[in-house]
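[1] Below is the sequence, then the predicted model.
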Amino acid sequence: MSKQNFLNDNELVQRFISGDQNALEILIHRHKNRVFSYILLIVKKQELAEDIFQETFIKVIRSLKKGKYTDNGKFISWVLRISHNLIIDHFRKEKLKGTVSNDSFEGDLFNSQKFAEDTIEDQMVYTQILTEVKDLIQELPEDQQQVIYMRHYLDLSFKEIADLTDVSINTALGRMRYALINLRKLVEQKKLVLTKF
């Protein structure tokens, strides 16, 4: 393993700016799964997610070359913010065209190894619960959906969520609180049972 793999993001950014292309490859490799997962969770379409992912890193490269990176030590938050803005731009354009699709992603985003030992019936019940929870999340206001995805699916801290969505930590926490309150209300209204047993 090269010594560069042990450098932090900021050191790699500085090396790339100084002309070291390999430093950028390490950065992309280090963060690609997190960035792609974030995009896919929001856009829900593999091809679209791939396009936005590529656009994100094209913008990252251009911004770095123009000296527009100023988030000292927060490279991943900066990249996620770029991808987030590109996603918003995409949906704005789609809305203007009147062609926004609500098709759900065909893959299983909720597949988990820890349930591999369960019976087929257990797996079916679990999948049904996850589908119901996903449907409930879709009924929440967009800012509350966003905080749930970022916190529970991407495992971002509330500080990272606040930075990405350009709000205070208290606002991010408040959105999560209201999201959970609203989810509980929806579960009660629909009389759902969200347990395996």
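    Cool, got the structure.
[2] all contacts plus neighbour counts: C-alpha atoms, from now on.
    OK.
[3] helices or strands next to the helix or strand hosting residue 162 in the packing?
    Assigned by DSSP states H and E, residue 162 belongs to helix 158-165. If you count contacts as 3 or more CA pairs under 8 Å, 6 or more residues apart in numbering; DSSP states H and E, helix 158-165 packs onto helix 75-97, helix 169-190.
[4] Give me the distance from it to the chain's centre.
    12 Å (CA atoms, centre = their mean, to the nearest Å).
[5] quick one on the thing from earlier: any idea which of the helices and strands packed on helix 158-165 gets closest to residue 132?
    For the helices and strands packed on helix 158-165, distance to residue 132 was read as CA to CA. The smallest value, 9.4 Å, belongs to helix 169-190.
[6] Please state the mean pLDDT value computed over the helix or strand harbouring residue 53.
    Here residue 53 sits within helix 46-65, counting by DSSP H and E. Mean pLDDT, computed over helix 46-65, is 92.
[7] So which other helices or strands are in contact with that helix?
    Counting by 3+ CA pairs under 8 Å, 6+ apart, helix 46-65 packs on helix 9-17, helix 21-43, helix 75-97.
[8] Now the second one: buried residues?
    Going back to what we said before, that points to helix 21-43. Neighbour counts over helix 21-43 (16 or more other CA atoms under 10 Å) mark 23-24, 26-27, 35-43 as buried.
[9] Please apply the same query to the shortest one.
    Applying a neighbour-count criterion of 16+ other CA under 10 Å, one finds 9-10, 12-13, 15-17 buried in helix 9-17.
[10] related to what we said a few turns ago, what lies in contact with the helix holding residue 53?
    13, 17, 28, 35-36, 39-40, 43, 69, 79, 82-83, 86-87, 105 (CA atoms under 8 Å, 6 or more residues apart in numbering).
[11] swap in stretch 13-26?
    4-5, 12, 27, 64-65, 67.
[12] gap between the two ends of that stretch?
    10 Å (CA to CA, to the nearest Å).
[13] quick check, distance from it to the centre of its chain.
    The answer for stretch 13-26 is 25 Å, by CA atoms, centre = their mean.
[14] picking that back up, farthest-separated two in the contacts of helix 46-65?
    Across the contacts of helix 46-65 (CA to CA), the longest gap, 37.2 Å, separates 17 and 105.
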